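In: Structure for the following, please:
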Amino acid sequence: MDGSILIGLILLGAIILFIGMVVIIYNRLVALRNRFKNAFAQIDVQLRRRYDLIPNLVKVAKEYIKHERETLEAVIAARNQAVGAAKQAAAAPGSAAAMGGLAAAEGMLAGTLGRLFALVESYPDLKANQNMMQLSEEMSSTENRIAFARQAFNDSVMTYNTAREVFPAVLFAGIFGFQPAELLEIEDTEQRQPPEVNF
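Out: Predicted coordinates:
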């Protein structure tokens, strides 16, 4: 066999191997990016469930604590802000700006819900109301689901970020547009706790 043919075959094999490696890296990064986007979609489902419960909580509470209008309005305003932040985050899961905005809005919502539940504690009739007890139970269950979904999202983001930062993927991730994804973290330790709902 001629030496130039052998060198040509070796070069062709190396090119095919290189292209195969790039395709495998690209496909893995696409799969991991889709996985963390799907994980965020699960958070979004639970957030929407909570956002839908909040007006009902306010409606039931409004009947009993009419003179606490400021707190009720603050809860609704925080809910509306969180809904907007969740829509932006759903459009760009993993984006640092979107995750930061959502975390801030969720922190504000948790704070106002905490004030609402503190008020509920001081009104025995409201606290004993069957609708309020049921809504509070659903809210507590939803908070747990959100926490689990957020953990799954953060795990998926970590896996994706790790895969795009290791060699040889790091050489191609930027070229193919695979940007780092941001975790969904709530910075304030008080805000990490779901609103306490004890009835």
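In: Report how many residues lie close to Ala173.
Out: By other CB atoms under 10 Å, the residues close to Ala173 number 21. C-beta coordinates here come from the backbone N, C-alpha and C atoms, glycine included.
In: got a list of what the spatially closest residue to it that is not a sequence neighbour touches?
Out: In space, and not counting its chain neighbours, Ala173 is closest to Arg164: 4.1 Å by CB to CB, 6 or more residues apart in numbering. Contact partners of Arg164, counting by CB atoms under 8 Å, 6 or more residues apart in numbering, are 29, 32, 170, 173, 178, 180.
In: tell me which of these is nearest to Asn38?
Out: When the contacts of Arg164 are compared for distance to Asn38 (CB to CB), Leu32 comes out closest, at 10.7 Å.
In: in the chain, which spans are strands?
Out: With strands called from DSSP state E, the chain shows none.
In: For it, spot the helix or strand the model is least confident about on average.
Out: Within the chain, no helix or strand scores below helix 189-192, which has a mean of 45 by mean pLDDT, DSSP states H and E.
In: list the buried ones in stretch 67-79?
Out: By 16 or more other CB atoms under 10 Å, the buried positions in stretch 67-79 come out as 68, 71-72, 74-75, 78-79.
In: least confident pick among these?
Out: Minimum pLDDT for the buried residues of stretch 67-79 is recorded at Glu68 (79).
In: I'd assumed Ser122 was in contact with that one.
Out: No. With contact defined as CB atoms under 8 Å, Glu68 and Ser122 do not form a contacting pair (9.6 Å).
In: any idea how far the lengthiest helix in the chain is from the chain center?
Out: The single longest helix within the chain, with elements called by DSSP state H, is helix 3-64. Chain-centre distance of helix 3-64: 14 Å, with CA atoms, centre = their mean, to the nearest Å.
In: helices or strands next to that helix in the packing?
Out: Other elements packing on helix 3-64 under the criterion 3 or more CB pairs under 8 Å, 6 or more residues apart in numbering; DSSP states H and E are helix 69-91, helix 96-121, helix 124-128, helix 130-165, helix 169-173.
In: how many neighbours does Gly8 have?
Out: 11.
In: Model confidence for it, exactly?
Out: Confidence at Gly8, expressed as pLDDT, is 91.
In: Likewise for Leu126?
Out: The model's pLDDT for Leu126 equals 80.
In: how about low-confidence regions in this structure?
Out: By pLDDT under 70, the low-scoring segments of the chain are 1, 187-199.
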